[in-house]
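Participant: sequence first, then the predicted structure:
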Amino acid sequence: MQSREKRLFERRKGRVRYRISRVAVRRPRLSVFRSSLHIYAQVIDDATGRTLAAASSLDKSLREDLKSGANIAAAAAVGKLVAERAKAAGVDAVVFDRGGYIFHGRVKALADAAREGGLKF
């Protein structure tokens with residue numbers, strides 16, 4: 001049987017995906033995955049099923065500068081990098097998919113840095 005936290009996470013994730021599917025008309029989504037050691041972000045075009053841009057705290061360009069991949073500084077660096085790569089791929093506006101994560105801490109830092117990098121959502 002699933003734990004209570006896992007069930008609540010899945011419920012939040014379903015709510016977020018439902019809202020995104022209603023809003024995201026011809027806009028790619030910026031999807032965030034947060035693990036205990038790293039943070040990952042992808043810009044995904046759901047119409048074609050392709051990843052347009054991606055960044056994570058494991059990227060070589062970020063690893064040397066970061067003390068840890070699991071803090072707010074790492075999330076902000078990943079947000080800036082994914083925004084830069086998305087702009088290079090020709091993406092200006094996205095829909096933010098936080099998954100089941102609460103918009104707080106690392107997820108919020110990544111979103112704010114992506115906005116500063118030029119993505120609109």
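Facilitator: Alright, I've got the coordinates. Quick caveat, the model's predicted, so the values are computed rather than measured.
Participant: quick check, central residue of the chain?
Facilitator: Val32 (2.7 Å; Cα atoms, centre = their mean).
Participant: got the contact list for Gly79?
Facilitator: Ala41, Ala109, Leu110, Ala111, Asp112, Ala113, Ala114, Glu116, Gly117 (Cβ atoms under 8 Å, 6 or more residues apart in numbering). For glycine as for every other residue, the C-beta is placed from the backbone atoms N, C-alpha and C.
Participant: which residue sits closest to it, ignoring its sequence neighbours?
Facilitator: Ranked by Cβ to Cβ, 6 or more residues apart in numbering and with sequence neighbours excluded, the top spatial neighbour of Gly79 is Ala113, at 2.9 Å.
Participant: tell me which residues in the helix or strand hosting that neighbour are buried?
Facilitator: When elements are assigned from DSSP states H and E, Ala113 belongs to helix 106-116. Within helix 106-116, the residues scored as buried using 16 or more other Cβ atoms under 10 Å are Arg106, Val107, Lys108, Ala109, Leu110, Ala111, Ala113, Ala114.
Participant: the first one and Ser68 touch, don't they?
Facilitator: No. Counting by Cβ atoms under 8 Å, Arg106 stays clear of Ser68, with 11.0 Å between them.
Participant: overlap in contacts of these two?
Facilitator: With Cβ under 8 Å, 6+ apart, Arg106 and Ser68 have common neighbours Ala74.
Participant: about what we covered before: now the residue nearest to the centre of the chain: how far from Ser61?
Facilitator: 19 Å (Cβ to Cβ, to the nearest Å).
Participant: what of Val94?
Facilitator: 21 Å.
Participant: which of the two has more neighbours?
Facilitator: The neighbour comparison of Val94 against Ser61 (other Cβ atoms under 10 Å) goes to Val94, with 23 against 9.
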